[in-house]
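1. Give the three-dimensional model of this entry:
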Amino acid sequence: MQKRRVIVTTIWGAIFGIVCMLIQKYGVGVSFWPLGVSGLIHHAVMGFTIGVSSLKIHWAPHGILWGFLFGIFMAMALVETPLGFWGPFGFIVLWGFLIELITTLGFKLKMGK
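-> Residues are numbered from 1 along each chain as shown. Sure thing, here's the model as predicted:
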């Protein structure tokens, strides 16, 4: 496990969590507390998980896989919101892919062995 990779993925998870908080607040009208904060924590944990994972697959499906796994549970919790199931699910899968893209190609921090 690479410490720097875990830190970078966790930070990017938190950044995308903040983006989701803002989308929820100003796009849908959901308050920051408790849904916004739980989304922020959720995304930061997803980033951490992507960073510590050492699955032996290419970086792109790796990010999509973790986005799918985390997204399915968040989307089920938010199914009654105006975005429905597919809005949160799609965003979280996209965030998982982007976390891996930015970390692997942008910061040149590949997955550990």
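
2. ok, and the closest non-adjacent residue to residue 23?
-> In space, and not counting its chain neighbours, residue 23 is closest to residue 91: 7.6 Å by C-beta to C-beta, 6 or more residues apart in numbering. Backbone N, C-alpha and C define where each C-beta goes, glycine included.

3. which stretches of the protein aren't confidently modelled?
-> 1, 113 (pLDDT under 70).

4. Other residues contacting the helix or strand harbouring residue 101?
-> Secondary structure from DSSP states H and E places residue 101 in helix 86-101. Identification of contacts with helix 86-101 by C-beta atoms under 8 Å, 6 or more residues apart in numbering yields 9, 12-13, 16, 20, 23, 43, 46-47, 50, 59-60, 62-68, 70-72, 74-75, 78, 81.

5. Helix, strand, or coil at residue 56?
-> coil (DSSP: H, G, I helix; E, B strand; the rest coil).

6. What distance do you get for it to residue 111?
-> For residue 56, the distance to residue 111 equals 8 Å [C-beta to C-beta, to the nearest Å].

7. Not including adjacent chain positions, what is the nearest residue to residue 37?
-> residue 21 (7.6 Å).

8. residues in contact with that neighbour?
-> Residue 21 is in contact with 32, 36, 37, 39, 40, counting by C-beta under 8 Å, 6+ apart.

9. Tell me the one of those nearest residue 105?
-> residue 40 (24.9 Å; C-beta to C-beta).

10. so the closest one is in which element?
-> Here residue 40 is assigned to helix 37-52, by DSSP H and E.

11. Determine the set of other helices and strands touching that helix.
-> Applying 3 or more C-beta pairs under 8 Å, 6 or more residues apart in numbering; DSSP states H and E, one finds that helix 37-52 makes contact with helix 3-22, helix 59-77, helix 86-101.
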